[in-house]
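S.K.: I would like to see how this sequence folds:
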Amino acid sequence: MMNVSVAGLGEALALHRSGGSIAALALQSISSAEMAEEVQDAALVALDDNVVGYFATATIPVTRRLLRCDGPVFGPLTGASLLPSHSRLRLPQGVLGAEWSLGLLLGDLYPDPHRPVTASAIEDAIIACVPMISVLGRRVTGGVPLNPWTATADFGLHVASVRGTPVFERHLADLQGLEVVASMNGAVVGRSRGGEVMRDVRQAIADLSLYLARRGRQVPPGNLIAIGGGPLILQAVVGQAFTADFGELGTVEAVFG
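M.R.: Here you go, the predicted model:
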């Protein structure tokens, strides 16, 4: 019975993601973190899109409070959801907001099943850093509880991301002073400072590593790990241009259409 429920929820989530719609799906019937991950897997199979990496959100306290999650939430990055900078991004129903993300382009398999999961292992796997903006949203109506299980099942809340130009030969150790400034239509709406940025990014990477290792999964070379750094900007509406300035890594912009 559970298998039927998992498959049915996954197919429904994929249908509403494809159509940009929302519905009162029974995600509250999810009874464990494992079941939430099974529903996400079923939704991804039903979506029939290629996976090009993984995404983490709810990595900082303020975003966790807004998303009602007590820790990071992980989901797949799909080919159709990853767009170039300055793309016009259609906002579907159920959008929650947007946040900047630090993309890590991998040159090696990660995590390496033959090597312990350590900070140096992820450093060795990174070949470039990529400025990104990610849009979060749900495929369900507001009456469906938002919590870590429902967020995980619902594609990890990921809707779409725009990516800037990769900056090669940049590693996490090079970004200790990184400051990210988020602007909406030219007005600054958020600022993430230096050491705080990298502390949260490093912790999210460690959590993602454990998540992948627990499921026996790896991110292949050429794929991205995108770590949402927030804070979540809630006023994402049609006609706005959201810009994230990553300093030495460049800028990235999403135009909401």
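S.K.: how about low-confidence regions in the stretch 101-250 of the chain?
M.R.: Within the stretch 101-250 of the chain, the stretches with pLDDT under 70 are 119, 194-195.
S.K.: now residue 251: closest residue in space, sequence neighbours ignored.
M.R.: Once flanking residues are discounted, residue 251 sits nearest to residue 245: 4.8 Å by Cβ to Cβ, 6 or more residues apart in numbering. In short, each C-beta sits where N, CA and C put it, glycine included.
S.K.: before we move on, what about residue 183?
M.R.: The shortest distance from residue 183 to any non-neighbouring residue, by Cβ to Cβ, 6+ apart, is to residue 243 (4.7 Å).
S.K.: need the contact partners of whichever strand or helix holds the one you found.
M.R.: Per DSSP states H and E: residue 243 is located in strand 241-245. Contacting residues not belonging to strand 241-245 are listed as 98, 100, 131-133, 180-186, 233, 236, 251-256 [Cβ atoms under 8 Å, 6 or more residues apart in numbering].
S.K.: tell me how far the residue nearest to residue 183 lies from residue 174.
M.R.: Note on residue 243: its distance to residue 174, by Cβ to Cβ, to the nearest Å, is 23 Å.
S.K.: quick one: the helices in the stretch 101-250 of the chain?
M.R.: 119-125, 148-153, 194-214 (DSSP state H, counting those that start in this stretch).
S.K.: of all those, which one is nearest residue 75?
M.R.: When those are compared by Cβ to Cβ, helix 148-153 sits nearest residue 75, at 7.2 Å.
S.K.: name the helices or strands packed onto that closest one?
M.R.: Where contact means 3 or more Cβ pairs under 8 Å, 6 or more residues apart in numbering; DSSP states H and E, helix 148-153 is packed against helix 33-47, strand 73-78.
S.K.: mean neighbour count, these: which tops it?
M.R.: strand 73-78 (a mean of 24; mean count of other Cβ atoms under 10 Å).
S.K.: what angle separates that one from helix 33-47?
M.R.: Computed by axes from the mean of the first three to the mean of the last three Cα atoms, to 10 degrees, the angle separating strand 73-78 from helix 33-47 equals 20 degrees.
S.K.: which residues does the helix or strand just after strand 73-78 contact?
M.R.: Per DSSP H and E, the first helix or strand lying C-terminal to strand 73-78 is strand 82-84. Under the criterion Cβ under 8 Å, 6+ apart, residues 52-53, 89, 160-163, 224, 254 lie in contact with strand 82-84.
S.K.: which one (most neighbours) among the residues you listed?
M.R.: residue 161 (28 neighbours; other Cβ atoms under 10 Å).
S.K.: just give me the neighbour total for the residue nearest to it when sequence neighbours are not counted.
M.R.: Once flanking residues are discounted, residue 161 sits nearest to residue 134: 4.3 Å by Cβ to Cβ, 6+ apart. Other residues near residue 134 come to 31 when the count uses other Cβ under 10 Å.
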